[in-house]
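> Next come a sequence and a model predicted from it.
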Amino acid sequence: MAIKIALLVVFFAVMLGIGVYSRSKAKNVNDYVLGGRTVGPWISAFAFGTSYFSSVVFIGYAGQFGWKFGLASTWIGLGNAFIGSLLAWLVLGRRTRLMTQKLDAKTMPEYFGKRFDSKSLRIVGSIIAFIFLVPYTAGVYNGLSRLFGMAFDIDYRICVIVMALLTGAYVVIGGYMATALNDFVQGIIMLIGICVVIGAVLNGQGGFLNAVKELSQIEPDIANTTPALQGSQGLLASFFGPDPMSLLGVVILTSLGTWGLPQMVHKFYAIKDEKSIKTGTVVSTFFAIIIAGGCYFLGGFGRLFAGYEGIVETIDGVQTVHVDNIVPTMLSTLPDILIGIVVVLVFSASMSTLSSLVLTSSSTLTLDLIKPIFKKDMKEKTQLRLMQVLVMCFIILSVVIAFNPPMFIAQLMGVSWGALAGAFLAPFMYGLYSKKITKASVWASYIFGVGFTVLNIFHPIIASPINAGAATMIGGLILVPIVSAITPKPDQDKVGEIFECYEKTVTVPEKENLGSID
């Protein structure tokens, strides 16, 4: 216990110290929200990766999908790396940085408002972002609390309150730069921690080969198996697992979803220069391979712990699997020093995500809702103070929800990602590339993404929130170009002026631009 507490105290001190150090770099709105657009490559890459992977992935998703798909769940992590990180940086990174600077947009709703010349799109976008970031935050708290309960045997509410206070403190003090610097430190902890944990857990199961052998002898639940594969042997240790199509849905949601999440895309706004784009692309992809791939790979062995208390429960002949308890149970078998490392590891992942969420929410409410509607001439200092107050308000609201979460972790994240990415992904991406995307198509994406998600909660059309979220993203990508083709085109002169940011001529060294040889 002393080791665990000591590691946490050191961790807390470092986080707060970085917050105080960053205070001098957050004196105006641009610095507080974007770090002055001067964030370097490694910090940008780690900020993207650590905001991507939280306790929701470590505890909720790794446990649930590892149990359902076995070792094939590793594909989810690889999808996160190559679609959610590599492709996101290649497709969105450079264009997002250039266009948001041209528009002087600091948030995603502000981008929609200025790109499509609509104050209403900006305001409604800010409301959507705020509402659906709250359940995601509650899911982060939920995952962390389960790990703390295993490691320290203390009340769930105490875990939530401590995390909320600490995150609120360094975000309020240092803004985006404090968040980004802490993300870098937390990312290093995550990289080391996941490698140590995987080795220790597999060693406890007789090594990798023995663990795979034991897993191959377990039959998956018939209800969670594609009919064509029922009766097959060794599905949980197979290449695509017992339900390949459901696995594909999870890959789409958790990988493509990052392209439309405000707190993820926000990282591209703050990038410093071209070098940061190139290095950030490589580093964030490597980070995702290790962290996401490692998490889901570890979760794939969850069935080996089915006999432990708290995972499988039978009441009145009905068997229930408590998927959120799987990974904490796996970790409870480790020595105390490793449990201490794991606690700091998951705390790092959770705090980095939480800090991004609260900063995104507070800046969106201030800049995209309160200022445009109530006080257009709000002073810079007032905006800054209001964002700091809203950081604490958002944290308090998410804590209240976390005290009584309505669903288990993966469902909370599925609803949040489905609504946000369903509403924002298609118009954001198409808006970076095409001059023909219309205001009406953005409204259509808003209505479809949020409407389908809410309808599916109360009257399920697609039983799984995960698959429903994936469907909203794909639907938006189809809907936006169709609506744009049949609705009045935007003023091409205005749009052309915006797109001039891509055409500006710059001088680069010959090594970066091989010309023709005379």
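Cool, the structure landed.
> which element follows the lowest-mean-pLDDT helix or strand in the chain toward the C-terminus?
When each helix and strand of the chain is scored by mean pLDDT, DSSP states H and E, helix 55 comes last, with a mean of 65. Per DSSP states H and E, the first helix or strand lying C-terminal to helix 55 is helix 62-69.
> mind checking how far that next one is from the chain centre?
18 Å (CA atoms, centre = their mean, to the nearest Å).
> Stretch 477-487 now?
27 Å.
> Run through the helices of the stretch 251-400 of the chain in chain order.
Using DSSP state H, counting those that start in this stretch, the helices of the stretch 251-400 of the chain run over 262-269, 274-299, 326-332, 336-364, 371-374, 380-403.
> closest one to Ala13 among the ones you listed?
helix 336-364 (12.3 Å; CB to CB). Backbone N, C-alpha and C define where each C-beta goes, glycine included.
> Which residues belonging to stretch 394-404 are considered buried?
Phe394, Ile395, Ser398, Val399, Ile401, Ala402 (16 or more other CB atoms under 10 Å).
> Could you list the low-pLDDT ranges of the stretch 251-400 of the chain?
Along the stretch 251-400 of the chain, segments meeting pLDDT under 70 span 317, 347-349, 351-352.
> again, 90 this time
By pLDDT under 90, the weakly predicted segments of the stretch 251-400 of the chain are 251-280, 283, 287, 291-292, 295, 299, 302-400.
> got TSV for the helices of the stretch 251-400 of the chain, with distance to Glu497 too?
What follows is those, written out as TSV (distance: least, CB to CB, whole Å):
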stretch	distance to Glu497
helix 262-269	20
helix 274-299	23
helix 326-332	51
helix 336-364	25
helix 371-374	22
helix 380-403	27
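> Which of these sits closest to Tyr32?
Among the helices of the stretch 251-400 of the chain, the nearest to Tyr32 by CB to CB is helix 380-403 (5.7 Å).
> Please work out the average pLDDT along the helix or strand that the closest one is followed by.
Sequence order places helix 409-433 as the next helix or strand after helix 380-403, per DSSP H and E. Average pLDDT, helix 409-433: 83.
> by contact count, what packs against helix 409-433?
Contacting helix 409-433 under the criterion 3 or more CB pairs under 8 Å, 6 or more residues apart in numbering; DSSP states H and E are the following elements: helix 62-69, helix 94-103, helix 108-115, helix 119-152, helix 244-256, helix 262-269, helix 439-458, helix 465-486.
> Using CSV, write out the CA atom coordinates for whichever helix or strand comes after the first one.
Put plainly, it is helix 62-69. Once the chain leaves helix 62-69, the next helix or strand it forms, by DSSP H and E, is helix 74-79. The C-alpha coordinates for helix 74-79 follow below in CSV (Å, rounded to 0.1, in the frame of the first residue of the first chain):
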residue,chain,number,x,y,z
THR,A,74,-6.1,-7.0,-31.2
TRP,A,75,-7.4,-5.9,-34.6
ILE,A,76,-9.2,-3.1,-32.8
GLY,A,77,-5.9,-1.7,-31.5
LEU,A,78,-4.3,-2.0,-35.0
GLY,A,79,-7.3,-0.2,-36.5
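> Based on its surroundings, how many neighbours for Glu309?
When neighbours are counted by other CB atoms under 10 Å, Glu309 registers 9.
> For it, which residues are in contact?
Glu309 sits next to Thr329 when contact means CB atoms under 8 Å, 6 or more residues apart in numbering.
> let's have the chain start at 6 instead
I'll keep to 6 as the first residue from here, and by that count the last item is Glu314.
> if I look at it, how far off is Ile223?
According to CB to CB, to the nearest Å, Glu314 and Ile223 sit 19 Å apart.
> what helices or strands is the longest helix along the chain leaning on?
Across the chain, the helix with the greatest residue count (assigned by DSSP state H) is helix 161-209. On a contact count with 3+ CB pairs under 8 Å, 6+ apart, helix 161-209 meets helix 7-26, helix 34-39, helix 46-57, helix 124-157, helix 279-304, helix 331-337, helix 341-369, helix 385-408.
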